[in-house]
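# Just a sequence and a predicted model for now, questions to come.
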Amino acid sequence: EKLGIDAALLQIPIGAGETFEGLVDLIDMKAYTFEGPKGETVTQSEIPANLQADAKKYRHELLEALAMYSDEMMELLLSEQ
């Protein structure tokens, strides 16, 4: 609100702080985990079961935010495509 722009999540974290393991990309609905001493190895996988509901919720919010700027996107969202 302070910046006067619309914002939407594109990713959600997997873990936090010392337990941070990676992220869930809400655009392609995949999980990316960082492995190795410095997280230099990135592995793509399915979204963990415990984050599925959050990922679906935030992806829907992202699509709703995008639909505000595109009639075509709004039609697709309303027809659940």
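Thanks, I have the structure now.

# For Gly39, see how far away the most centrally placed residue in the chain is.
Central residue of the chain (C-alpha atoms, centre = their mean): Leu26, 2.5 Å from the mean position. The gap separating Leu26 from Gly39 is 20 Å, by C-beta to C-beta, to the nearest Å. In this view, the C-beta of every residue, glycine as well, is placed from N, C-alpha and C.

# follow-up on the earlier one: for the residue nearest to the centre of the chain, what are its contacts?
Residues counted as contacts of Leu26 (C-beta atoms under 8 Å, 6 or more residues apart in numbering) are Leu9, Leu10, Gln11, Ile12, Ala55, Tyr58, Arg59, Leu62.

# Next step: these restricted to strands.
Residues of the contacts of Leu26 located in strands (DSSP state E): Gln11, Ile12.

# I'd like the contacts of Leu26 written out as a markdown table, with distance to Phe34 and neighbour count added.
Formatted as a markdown table, the contacts of Leu26 follow (distance: C-beta to C-beta, whole Å; neighbours: other C-beta atoms under 10 Å):
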| residue | distance to Phe34 | neighbour count |
| --- | --- | --- |
| Leu9 | 19 | 15 |
| Leu10 | 17 | 13 |
| Gln11 | 13 | 14 |
| Ile12 | 15 | 17 |
| Ala55 | 18 | 20 |
| Tyr58 | 20 | 18 |
| Arg59 | 22 | 19 |
| Leu62 | 23 | 15 |
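
# From the contacts of Leu26, pick the one nearest Ser79.
Top of the list for closeness to Ser79, among those and by C-beta to C-beta, is Arg59 at 16.5 Å.

# which one is the closest one nearest to, not counting chain neighbours?
Residue nearest to Arg59 in three dimensions, not counting chain neighbours: Leu26, with 4.6 Å by C-beta to C-beta, 6 or more residues apart in numbering.

# For that neighbour, report the pLDDT, please.
On the pLDDT scale, Leu26 is placed at 96.

# hang on, Glu46 packs against Lys30?
Yes. Under the criterion of C-beta atoms under 8 Å, Glu46 makes contact with Lys30 at 7.2 Å.

# Between those two, which is the more surrounded one?
Neighbours per residue, other C-beta atoms under 10 Å: of Glu46 and Lys30, the larger number sits with Lys30, 14 against 10.
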